[in-house]
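Colleague: Sequence first, then the predicted structure:
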Amino acid sequence: MADVDSTRLARIAALVGDGDHDEVQYANARTLVARQEGGAIYATQPDERLAYHYDPAANRLVIVGAHAEPVAVAAARLARELIRSQLLRAGFHILHASCVVRAGRALLTFGTKGAGKTTTALLLARQGFDLLANDRVFIRPQDGGLLILPWPSAAAIGFGLLDSTGLYEPLRARVLEGEQLHPTQDQRVTDALHAGSTKPIWNAQGKELKPQLFPDQLSSLLGMRLASRAHAAALLFPQVDRGTEPHVLEAPRALGEDDFFNSKTEDRYPDIFRLTPTKASPATDLADRLAQLPRRALVLTHDSGRSAELLTKTAAGLLAAQNAPSAPDREDLHAP
């Protein structure tokens, strides 16, 4: 349940503030968390004027606040966390990867921050691939293959990438017409779009502030086709180097721990309501199957046209090397 309720907000804030509680950062906000005997959890975010009550015995989560928009954003965020916990219980894992799809077959792109995961996904999406995710995906072994589902979240795309792929002006035009982007977007980003600036904006912690799009806006504003599921077919490992021509590297790296999300890497959204299963399913089989897929490592540059040409050729070769898996059954994903 999520609602504007100042009275209940004040009551929960007093309950948390007057008793023992922990202080954490949740969704980039100072959050006070109190746990009671019996399992009930209360939390407040004073600066956002939000409060939460989770009762695991009744399987009930309440979100209250002083204003409608923060309540709605918090409700969407917790709905996503509930989906995540159910999929983890159903045997899925989360990969730190972007993903594009053609004919139900997925290309997963891995790399550290700045390696080119989102760049690869957008360039291939501009070349006719369907976009499934720009940063992370759900995946589990199924039907002899690896079933992939998208992560339901806003897409953050930097000004430089939007500009180099020809997507900045179409996005800016829609914003000037009154299109509203995701409410978590920093006002400085909105102001830059109105001013026509593509200069990167950084916050005090050195993090780039980017336009934040609802998933459906990738289609409605940027003209991309979206995929909702696919089977893994191949892996890409890009890196960006301005001082060279786009080219394929000889030795793709192996997957490592940083390519898999876990409770320790979800630093922006710690599991304060203990929704995530305490024991995840083993990732050994998943890692072994991923290791058997064809893969390529390549270097991209800031010449998006040349990089897109290399990516398209490389992707076609990888898909040709992998037999298409059987199409997934629409009824094969069961709630835990």
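Modeller: Done, it's in. Numbers count the residues shown, from 1 in each chain.
Colleague: Phe159 contacts Leu209, correct?
Modeller: No. With contacts defined as C-beta atoms under 8 Å, Phe159 does not count as touching Leu209, sitting 9.2 Å away. C-beta: built from backbone N, CA, C; applies to glycine.
Colleague: Tell me which residues touch the nearest residue to Ala57 once chain neighbours are set aside, please.
Modeller: Excluding its sequence neighbours, the residue lying closest to Ala57 (C-beta to C-beta, 6 or more residues apart in numbering) is Gly39, at 6.3 Å. Shown in contact with Gly39 (C-beta atoms under 8 Å, 6 or more residues apart in numbering): 55-57.
Colleague: State the distance from Gly39 to Pro277.
Modeller: 15 Å (C-beta to C-beta, to the nearest Å).
Colleague: ok, the contacts of Gly39 vs Tyr269, which is closest?
Modeller: Pro56 (18.2 Å; C-beta to C-beta).
Colleague: confidence score at the closest one?
Modeller: We have a pLDDT of 92 for Pro56.
Colleague: quick one, phi/psi of the residue nearest to Ala57?
Modeller: The phi/psi pair for Gly39 (degrees, to the nearest 10) reads phi 100, psi -10.
Colleague: I'd like the distance between it and Phe110.
Modeller: 38 Å.
Colleague: List the buried residues in the strand ranked longest in the chain.
Modeller: Looking across the chain with DSSP state E, the single longest strand is strand 230-240. Within strand 230-240, the residues that count as buried by 16 or more other C-beta atoms under 10 Å are 230-238, 240.
Colleague: Among these, show me the least confident.
Modeller: For these, the least confident entry is Val240, with 91.
Colleague: What mean pLDDT does the lengthiest helix in the chain get?
Modeller: Counting residues, the longest helix found in the chain (DSSP state H) is helix 68-89. Helix 68-89 carries an average pLDDT of 93.
Colleague: Show me where the stretch 51-200 of the chain has its helices.
Modeller: Using DSSP state H, counting those that start in this stretch, the helices found in the stretch 51-200 of the chain span residues 68-89, 117-126, 159-164, 168-176, 187-195.
Colleague: Next, format those as a markdown table and append mean neighbour count and distance to Leu146.
Modeller: Below are those laid out as a markdown table (neighbours: other C-beta atoms under 10 Å; distance: least, C-beta to C-beta, whole Å):
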| stretch | mean neighbour count | distance to Leu146 |
| --- | --- | --- |
| helix 68-89 | 17 | 14 |
| helix 117-126 | 26 | 18 |
| helix 159-164 | 18 | 27 |
| helix 168-176 | 16 | 33 |
| helix 187-195 | 15 | 35 |
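Colleague: Which one of the ones you listed lies nearest to Gln217?
Modeller: helix 168-176 (8.5 Å).
Colleague: mind checking how far that closest one is from the chain centre?
Modeller: 23 Å (C-alpha atoms, centre = their mean, to the nearest Å).
Colleague: got it, and stretch 282-298?
Modeller: 21 Å.
Colleague: start to end distance for it?
Modeller: Terminal residues of stretch 282-298 lie 30 Å apart, using C-alpha to C-alpha, to the nearest Å.
Colleague: now stretch 53-66
Modeller: End-to-end distance of stretch 53-66 (C-alpha to C-alpha): 15 Å.
Colleague: And for stretch 241-260?
Modeller: Start-to-end, stretch 241-260 (C-alpha to C-alpha) is 25 Å.
Colleague: which outside residues touch it?
Modeller: So stretch 241-260 is contacted by 93-97, 110, 112, 235, 237, 265, 283, 287, 290-291, 295-303, 306-307, 309-310, 314 (C-beta under 8 Å, 6+ apart).
Colleague: try stretch 145-152
Modeller: Identification of contacts with stretch 145-152 by C-beta under 8 Å, 6+ apart yields 80, 83, 87, 92, 94, 99, 106, 108, 132-133, 135-141, 215, 226-232, 286, 289-290, 325-326, 328, 332-333.
Colleague: Given the longest strand of the chain, what are its sheet partners and their directions?
Modeller: Sheet pairing of strand 230-240 (DSSP bridges) gives strand 105-110 (parallel), strand 145-150 (antiparallel), strand 295-300 (parallel).
Colleague: Convert the C-alpha atoms of that strand to PDB, please.
Modeller: Coordinates of the C-alpha atoms in strand 230-240 are reproduced here as PDB (Å, rounded to 0.1, in the frame of the first residue of the first chain):
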ATOM      1  CA  ALA A 230      15.500 -14.000 -25.000                       C
ATOM      2  CA  HIS A 231      18.000 -16.900 -24.800                       C
ATOM      3  CA  ALA A 232      21.700 -16.100 -24.500                       C
ATOM      4  CA  ALA A 233      23.700 -16.800 -27.700                       C
ATOM      5  CA  ALA A 234      27.000 -14.900 -27.400                       C
ATOM      6  CA  LEU A 235      29.200 -12.600 -25.300                       C
ATOM      7  CA  LEU A 236      30.900  -9.300 -26.100                       C
ATOM      8  CA  PHE A 237      33.700  -7.600 -24.100                       C
ATOM      9  CA  PRO A 238      34.300  -4.100 -25.400                       C
ATOM     10  CA  GLN A 239      36.600  -1.400 -24.200                       C
ATOM     11  CA  VAL A 240      36.800   2.300 -25.400                       C
END
